[in-house]
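K.L.:
what follows is a predicted protein model with its sequence.
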Amino acid sequence: MPDANALTVDLFAVIAQHERENISKRTTEALAAKKARGATLGTPANLTPAARAKGLAIRETNAQGSQQNQQARRLAGLLHAQGHSLPKIAQELNEGGYRTRRGNLFFPMSVQRLLLPRAGS
């Protein structure tokens, strides 16, 4: 639209926003109606034990390959060898600026997972 001015562009933007809202509303209503009819939403085939195990393996591989986790694992191992508790190690990692692979704070359970023996090591 080479002849479009600010008014024309604004009008199209308003119309597009209105349509986005209508699509969202229709989708939400359709899913609610389908659920009310007793349909199972989602893909039940993805919830098999094999699929869950595969997802867990991928998450573990990603976590083990993370440079941040490798550095945090070294420090956590040293602190654990000195007798520090899991909450204390988590506190030290967080205060030292370490974060999980996804950028979250460390908690005692995430420290425990860091300290688990890894396959191939």
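P.N.:
Yep, it's here.
K.L.:
and after the lowest-mean-pLDDT helix or strand in the chain, which helix or strand comes next?
P.N.:
Ranked by mean pLDDT, DSSP states H and E, the weakest helix or strand in the chain is helix 49-65, scoring a mean of 84. Counting by DSSP states H and E, the next helix or strand C-terminal to helix 49-65 is helix 67-81.
K.L.:
ok, and what's touching the helix or strand just after that next one?
P.N.:
Using DSSP H and E, the next helix or strand after helix 67-81 towards the C-terminus is helix 86-95. The contact list for helix 86-95 (CB atoms under 8 Å, 6 or more residues apart in numbering) reads 72, 75-76, 79-80, 84, 105-112. C-beta here means a position set from N, CA and C on the backbone, and glycine is covered the same way.
K.L.:
how about a cut-off of 6 Å?
P.N.:
Contact with helix 86-95 is made by 72, 76, 79, 105-108, 111-112, as judged by CB atoms under 6 Å, 6 or more residues apart in numbering.
K.L.:
please apply the same query to stretch 39-47.
P.N.:
By CB under 6 Å, 6+ apart, stretch 39-47 touches Lys35.
K.L.:
could you break the protein into its assigned domains?
P.N.:
1-39, 49-115 (automatic domain parsing).
K.L.:
how far does the helix of greatest length in the chain sit from the chain's center?
P.N.:
In terms of residue count, the longest helix belonging to the chain (DSSP state H) is helix 6-36. Relative to its chain's centre, helix 6-36 lies at 27 Å (CA atoms, centre = their mean, to the nearest Å).
K.L.:
which of the domains of the chain has the highest mean neighbour count?
P.N.:
domain 49-115 (a mean of 14; mean count of other CB atoms under 10 Å).
K.L.:
relative to the whole chain's centre, how far out is that one?
P.N.:
Using CA atoms, centre = their mean, the offset of domain 49-115 from its chain centre is 15 Å.
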